[in-house]
Every structure is written in C-alpha cells, then in structure tokens.
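Peer 1: quick one, structure for this:
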Amino acid sequence: MKPRTLCDGVQWMGAIDWNRRLFDSLIPLPDGTSYNAYLVRGSEKTALLDTVDPAMDSILKHHLTGVDRIDYLVAHHAEQDHSGSIPYVLERYPEAVLICTPKAKVMLVEHLCIAPERIRTVEDGETLDLGGKTLRFMHMPWVHWPETMVTYLPENHMLFSCDFFGSHLAMSDIFAGNDPYVFEAAKRYYAEIMMPFRKQIRDHLKKVRELACTCIAPSHGPIHDQPEGIMAAYEDWVSDRVSNRVVIPYISMHGSTEAMVNYLVAALAERGVTVQKFELSTTDIGKLAMSLVDAATIVIGTPTVHVGPHPSVFSATHLANALRPKLKYAAIIGSYGWGTKAAEQISGLIPNLKVEVLGTVLCKGFPRADAFAALETLADAIKAKHALL
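Peer 2: I've put the predicted structure just below:
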C-alpha cells in the first residue's frame, strides 16, 4: 500500500502483512497483521513515529521516498516489530534523533545495538514542538512492556497508542469504524497480549479518557476513527465484571474424559449456564484466550499421563496462569488408569488465578453413575455461584 493521509500533516507509513500466521513463534495470526508507522510534519520539524518489522523494511523504504529530512524518530516500544527498522532510518537520516523513554533506551541499545548518543530520552508529559504540531509523550508501562509510551497530538486530538488498542489484522481499509470484525480482532489481541496487565491498563485508560481523543492510531491493525467503541470495549474487558460462562479446555486420550466433559456441558446447559469447550489438540489458543476475557469459571478436563495431567492440558493451564484472566471459579475433571496426581499438579500450575476451586471429579476408567452424579453436583455448584454474579 501507499502512504495514506490521515489529516493535515499526518500520514500513515506502515506495512500490511497479509501472510504472516504466527507471532513470537507462539501467537496465531489467522488474519495477518500490520505494522503501523506515522509521519507527522510540522512547519519546522518532521517526526516519524515507530517503524516496521524488519521483514517488511523495503515497504518503509519505499514510503520514505521523497521524505528529505526526519528530525525525530519516536520509538514507543522496543519490541522488534516496531523498532526493528530503526537502524535503517537512523542510517538514512543522520540528523535524526531517536526519542524514547529511559527504560526503552537501555533496551534499544541492547537489542538493536543503537549508539547511545543518537538517543534522547523523554519524561512522562514532556512535549516536543514541531511547529504547529506538538508531540506530548505519555509513559504507559506494562502496555505491554515496561518501557512503553504513547504520543498525543493535541492539535488533531489524535493518540498514537502503539500496542494499546491494537489488533493483529490485515485490511485494506485504514479506518476501523464500528466494524465488528475489527473488534473481534482487538479482543483477541487484548486477550493474548494485554490481559496479564489488566490492572495497569485500567489506570492508563483513565488517562486516555482525559484526552478526549477523536482518533486512536495503534501500531497494529486499523485506526480507530470512532474511538468510543474501542474505549468502551477495553473498559469492559479490564473491569471486574464476569459473565455467566464456563470455559472447558480439555483433551481425551481414549474417550473417558470427553464423556465427562460432554455430560457436564449438557448439565450446565440445562441449568442456563453458557459453556465454551476447547479440544486442545485442535483448538486455536487465541480463541481460548478470548473466551477467558470475561468468563466466570474454568473447568479443566484431563486424562492422566504418568500420574500427572496430559502435556496439552499442562500447556493450556500454564497459558491461563500467564494470561491472568478475571476468573472467579475453577474445577478439575478427568480420568485415570491406576493412579493420579493431576489435580494437585494442575493446582500448582495456576498460582496467578485467584479462584475458588468448586470441586474435583476424577474417575478410574470410563465414567459411571457415581462420576455422572458428581458432575451433576458440580453443575449445581457452578449454577449457584453464577447466580451471585
């Protein structure tokens, strides 16, 4: 794509990555992504805000054709999908000064081998006058690294929010509008990347609210030209509110655990409780993460492998612990052949989840009447807790 004018003196200079399907060798990208960079021209100075992933630096090079001078290069975040092309820009524009937070300076020197003398650090609230365009820098640590900041352009009521409010989404449309497709991608992005820092983001949201932005330009995905929608969505996601929903990640080796899961799903449905189940050998972990954003309860279903939980369940439980969703309740169900410590080991894997454990239902071999009766009791307990939400 070519550079796109957002308003007078502001251009999008990013790259659309339609084909990327994995991020950090971990996060699925079913819809690709984008790396957004922005050029802000004042009457006296010009600033480039962020760069692109090094794999697509040729696109940024093409966009910069005809840009004779860059005075400032702003690095909101040191992760390479934003900062990776900084060395090229600094080489092409030897007069450019790299702007970042003090914590980011250390990271950029360490990760990208940037000469420290090319870097100028800015404090929270510091401003930079470009001539009719003012860049106001706001530190926002843990959105989602400790060195992150955002930039506000008051003349245009525009916030350049880096990963905050972003989405891994490749689109030809530059603006999000109120497209539900964009909001689903934004929820996935929040779930996979931002959710562990829910409390810090809640505080940062209050600061953003005070700006009265009319446009939020993130580093991934479309630009929010109607920002109230994404702001309200984030305020809901970071709140303490949970929904009448149970999430069941599970795997079954010989059908016993699956029989238990299916029985519990039916029992909960009869009681008016919404259930989402995820078979872990085939599921998209992004979908699982999204389901955890506002679920009240997680029920982990596992067979026993060498006394402990199945490795896929181990991995999913570790993921849930790392994401720190606002779950309130948990339970463990599953089967075993001769002995098990699955419940004890799973409990030890989730210290970050401040949940009340509602029960454990483990059966030897295929479930029978006593196991199904225990699942009915578990369903009753879940319904009773959800009635209090």
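Peer 1: buried stuff in stretch 277-284?
Peer 2: Within stretch 277-284, the residues scored as buried using 16 or more other Cβ atoms under 10 Å are 277-278, 280, 283. From N, CA and C alone the C-beta is placed, and that goes for glycine too.
Peer 1: and the end-to-end length of that stretch?
Peer 2: One end of stretch 277-284 sits 12 Å from the other (Cα to Cα, to the nearest Å).
Peer 1: ok, residues contacting it?
Peer 2: Residues outside stretch 277-284 that contact it (Cβ atoms under 8 Å, 6 or more residues apart in numbering): 28, 30, 247-252, 258, 261, 265, 287-288, 291, 310, 312-313, 315-316.
Peer 1: out of those residues, which are buried?
Peer 2: Applying 16+ other Cβ under 10 Å to the contacts of stretch 277-284, the neighbour count classes 28, 247-252, 258, 261, 265, 288, 291, 310, 312-313, 316 as buried.
Peer 1: how about the closest residue to Gly255 other than its chain neighbours, phi and psi?
Peer 2: Ranked by Cβ to Cβ, 6 or more residues apart in numbering and with sequence neighbours excluded, the top spatial neighbour of Gly255 is Phe366, at 7.4 Å. Geometry field for Phe366 lists phi and psi as phi -80, psi 140, criterion degrees, to the nearest 10.
Peer 1: and the helix of greatest length in the chain, what does it pack onto?
Peer 2: Among all segments of the chain classified by DSSP state H, the helix with the greatest residue count is helix 369-386. Packing partners of helix 369-386 (3 or more Cβ pairs under 8 Å, 6 or more residues apart in numbering; DSSP states H and E): helix 256-270, strand 295-305, strand 329-336, strand 356-364.
Peer 1: got the CA coordinates for the last one in PDB?
Peer 2: Spelled out, it's strand 356-364. Extracted in PDB, the C-alpha atoms of strand 356-364 (Å, rounded to 0.1, in the frame of the first residue of the first chain):
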ATOM      1  CA  GLU A 356     -12.300 -20.600  44.400                       C
ATOM      2  CA  VAL A 357     -12.000 -24.300  43.500                       C
ATOM      3  CA  LEU A 358     -15.500 -25.700  43.300                       C
ATOM      4  CA  GLY A 359     -14.500 -29.300  43.100                       C
ATOM      5  CA  THR A 360     -12.600 -32.100  41.500                       C
ATOM      6  CA  VAL A 361     -14.200 -35.100  39.800                       C
ATOM      7  CA  LEU A 362     -11.800 -37.800  38.800                       C
ATOM      8  CA  CYS A 363     -12.800 -41.300  37.900                       C
ATOM      9  CA  LYS A 364     -10.900 -44.600  37.200                       C
END
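Peer 1: show me what it is packed up against.
Peer 2: Partner elements for strand 356-364 (3+ Cβ pairs under 8 Å, 6+ apart): helix 256-270, strand 329-336, helix 342-349, helix 369-386.
Peer 1: so what does Gly42 look like in phi/psi?
Peer 2: Note on Gly42: backbone dihedrals following degrees, to the nearest 10 are phi -100, psi -180.
Peer 1: ok, the residue nearest to Gly255 touching Met260?
Peer 2: No: applying Cβ atoms under 8 Å, one finds Phe366 not in contact with Met260, separated by 9.4 Å.
Peer 1: joint contacts of these two?
Peer 2: Ser335.
Peer 1: out of these two, which sits in the more crowded spot?
Peer 2: Set side by side, Phe366 and Met260 show more neighbours around Met260, with 29 against 13, by other Cβ atoms under 10 Å.
Peer 1: quick one: contacts for the more buried one?
Peer 2: Going by Cβ under 8 Å, 6+ apart, Met260 touches 301, 333-335, 361, 363, 367, 371, 375.
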